[in-house]
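Asker: Sequence unavailable; structure follows:
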C-alpha cells in the first residue's frame, strides 16, 4: 500500500530566519497519505500544522527532506512546475472563503478554469455543475455580499472541486461558521471524499469536525505526536 502512496513526506523540516533568530517550524516530519484518505490535522497554535499544509499545497518549500506527490519529488520542481501541480491536482478551501467580492458565484467558481485556459462554454457548464453539487442551483448570479457565510463557503468548495482535484486542502473550513452550518459543510466535504474519491487534508482545531475524518494526525512542537484512524483509542 505504501508504494502506491499519493503523498509521502520524509524527514521534512522547515526553518524560518537564520542565526539566533532562526525558528524551526517543522522538525522532521514523516507522513504517508494514500489516495482516498480523509485526514484531519490538529494541534495547538504554533505546532507546525499550517506550515505542513502550506508545503503539502505547494505554497511553500521545505528546508530539507523529501515531498513526493504521486512519485514526483516536489522539492526538485521549478516554481512554474509547482504552480502547474497546484493548478492541475490540488483544490483549496480556506476559513475566510477568499471569494472575489464583485464577481458572481458562477464567476468565482470559473476562476481556476480560466487559469487553465478552458473555453468559456465549457467553463460555464462546469461551474454550474459544481454549484449544483454544493446545493446552490439558482444562486449563480449572486455576489458574495448577497450570500450567507455557509453559502459563501459552498461557493468556495465548488471552486475547489470544479477542476476535479486529486487532493482537497481545507484550512479551518468551518472556522467562520455556526455549528449547524459547520456540520452541513463537513457533510459536503465528506461526500466528495466518499463519492468522488477526492483525498481530503483538513486543518481544524475542532474535535467534532475532525470526527468526520478517517484519520487524525496531531502536531505538537513541529513534530507528529500521534497518527491514528478515527475510532481507534487515543
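Answerer: Thanks, I have it. Computed from a prediction, not measured in an experiment: that's the story for all the values here. Numbers count the residues shown, from 1 in each chain.

Asker: contact partners of the helix ranked longest in the chain?
Answerer: Across the chain, the longest stretch assigned as helix under DSSP state H is helix 179-196. Residues from elsewhere that reach helix 179-196 (Cβ atoms under 8 Å, 6 or more residues apart in numbering): 36, 38, 93, 134-135, 148-150, 153-154, 157, 161, 164, 168, 170, 173-174, 177, 198-200, 202, 206, 209, 212. The way it works is simple: take the backbone N, C-alpha and C, and place the C-beta from them, glycine included.

Asker: Helices - which of those land there?
Answerer: Cross-referencing the contacts of helix 179-196 against helices under DSSP H gives 149-150, 153-154, 157, 161, 209.

Asker: quick one: which of those residues is nearest residue 64?
Answerer: Nearest to residue 64 among these is residue 209, at 31.8 Å by Cβ to Cβ.

Asker: so that closest one touches residue 175, yeah?
Answerer: No. Contact criterion Cβ atoms under 8 Å: residue 209 and residue 175 do not qualify, at 9.2 Å.

Asker: and those two? which has more neighbours close in?
Answerer: Set residue 209 next to residue 175 and count neighbours by other Cβ atoms under 10 Å: residue 209 wins out with 24 against 16.

Asker: Contacts only, for the more buried one.
Answerer: For residue 209, the contacting residues are 40, 174, 182, 186, 202, by Cβ under 8 Å, 6+ apart.

Asker: The same query, at a cut-off of 7 Å, please.
Answerer: Going by Cβ atoms under 7 Å, 6 or more residues apart in numbering, residue 209 touches 174, 182, 186.

Asker: Just the buried ones from those?
Answerer: Buried by 16 or more other Cβ atoms under 10 Å: 174, 182, 186, out of these.
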